[in-house]
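> Please find the sequence and the predicted model below.
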Amino acid sequence: MASVNTEQDFSGWLPIRAWFQNGEWRLDWCWFGEQRLARPFFRDDVDQALRLPFNQAFRRETGIQALLDWQATNPGLTPTALIFQASRCGSTLMAQMLAALDDNIVLSEPPPLDNLLRAHRLDPQVAPRQPAWLAALLSAYGQRRQGSEQRLFIKLDAWNVFEAPLLLSLYPEVPRVFLYRDPLEIVVSQLRQPGMHRVPGLLGSSALDLPAEEALRMTPAEYTSRTVGSILQKGLELCQRHGAIAVNYQELPEACWGRLASMLAVRDAHLPQLRESAGFDAKQPSQSFHPDSQSKREAADQNLREAVEYWAGEAYRALEKWRQTKDKKESSSRG
């Protein structure tokens, strides 16, 4: 495969992979041109872009410095909002609705962002440089590749909530939300179709780590419930200490054009597109959406219910109490 390494103009290129090799962090870039990021996950857009004959013939690989230099010469949009989430709780729906609007750039769980957010766990010496790296990465993603883009939304992986303070120190004024749902429904979904953080050892070094012997002693239901409970507890902290807006899955999609409209820059003219997008399955846009909360709850046996309650029940109830209290205060101030 040929490589392109000489030019420092990255117009139309996006980082698709970040990895640690021989003592340094490297980046793999892919040509997107004006292709919008419109699929459920960033990796889906990458898969499509890699099918282009150009990307099968050429690849750009650089160090982090190229990313910093690109930001210095061509700064991109800064984030409009940060979307944290507990997994299987409507964040992909929100991202797909926002991506339906042409003037939005929506990043849905890009792996390089996750890699650089957790870089200090693999190489503690990079911690002082992480803020600059992250800002440069998001600047690259925030390039106006079509020329009309006005906003940049970042949907993070569920486990990135533990690295939230790092992002919030970079963007203290940027609004942030924490999406969640009944943990029993999340756990049932994760047991049916495991995410990376549901399988011990698959994710790599993270705040969810347990000693191997302890993780292996737990049943899948216990491990998953413990994982979800930890994320919910950190999400609660994000709301209480860092001003994130708590959003329950049951509020979607209406919350996007209701109480979150100002934060998401949603206007009345956007409603037809948003409602149309909300009618499709967020992860499989070719299919219609069908509510699944009841079926997930009915699939849980008593042992699973007890595990979820033990590990995640308290955090979920605290989030609900926080959200409902905030909603009442906001309603009173508007009244």
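Structure received. Residues are numbered from 1 along each chain as shown.
> report the longest helix in the protein, please.
Criterion DSSP state H: the longest helix present in the chain is helix 220-242.
> List the buried residues in that helix.
Within helix 220-242, the residues scored as buried using 16 or more other CB atoms under 10 Å are 220-239. (Each C-beta comes from the backbone N, C-alpha and C, glycine too.)
> cool, and stretch 195-212?
Quick answer for stretch 195-212 (16+ other CB under 10 Å): Gly195, His197, Arg198, Pro200, Leu203, Ser206, Leu208, Leu210.
> For that stretch, give the mean pLDDT please.
Stretch 195-212 shows a mean pLDDT of 91.
> can I get the CA coordinates of that stretch in CSV?
Taking Å, rounded to 0.1, in the frame of the first residue of the first chain, the C-alpha atoms of stretch 195-212 are listed here in CSV:
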residue,chain,number,x,y,z
GLY,A,195,-20.4,-4.1,24.6
MET,A,196,-16.6,-3.9,25.0
HIS,A,197,-16.8,-2.9,28.6
ARG,A,198,-19.1,-5.9,29.5
VAL,A,199,-16.4,-8.5,28.9
PRO,A,200,-13.6,-8.6,31.4
GLY,A,201,-10.2,-7.6,29.9
LEU,A,202,-11.6,-6.7,26.4
LEU,A,203,-11.7,-2.9,26.8
GLY,A,204,-8.1,-2.5,28.0
SER,A,205,-7.0,-0.3,30.9
SER,A,206,-9.9,1.7,32.3
ALA,A,207,-11.5,3.0,35.5
LEU,A,208,-13.7,-0.1,35.4
ASP,A,209,-10.8,-2.5,35.9
LEU,A,210,-11.0,-5.2,38.5
PRO,A,211,-8.3,-7.7,39.5
ALA,A,212,-8.7,-10.6,37.1
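> returning to what we had before: downstream of the longest helix of the chain, the next helix or strand is which one?
Following helix 220-242 in sequence order, the next helix or strand is strand 245-248 (DSSP states H and E).
> what helices or strands is that next one leaning on?
strand 176-180, helix 220-242, helix 314-334 (3 or more CB pairs under 8 Å, 6 or more residues apart in numbering; DSSP states H and E).
> isn't Tyr310 right up against Ser225?
Yes: Tyr310 is in contact with Ser225 according to CB atoms under 8 Å; the separation is 7.0 Å.
> which stretches of the protein have low pLDDT?
Counting by pLDDT under 70, the chain has low-confidence residues at 1-7, 286, 331-335.
> hmm, back to that, helices - which of the buried residues of stretch 195-212 land there?
Judged by DSSP H, helices contain none of these.
> Next, format those as TSV and append distance to Leu168.
Below are the buried residues of stretch 195-212 laid out as TSV (distance: CB to CB, whole Å):
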residue	distance to Leu168
Gly195	24
His197	21
Arg198	26
Pro200	29
Leu203	22
Ser206	18
Leu208	20
Leu210	26
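> Surely Pro220 is in contact with Leu191?
Yes: if you go by CB under 8 Å, Pro220 and Leu191 touch, sitting 6.2 Å apart.
> So for those two, which residues contact both of them?
Arg198 (CB atoms under 8 Å, 6 or more residues apart in numbering).
> so can I have CSV of the helices and strands packed on strand 245-248 showing distance to Pro75?
Output for the helices and strands packed on strand 245-248, formatted as CSV (distance: least, CB to CB, whole Å):
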stretch, distance to Pro75
strand 176-180, 21
helix 220-242, 25
helix 314-334, 34
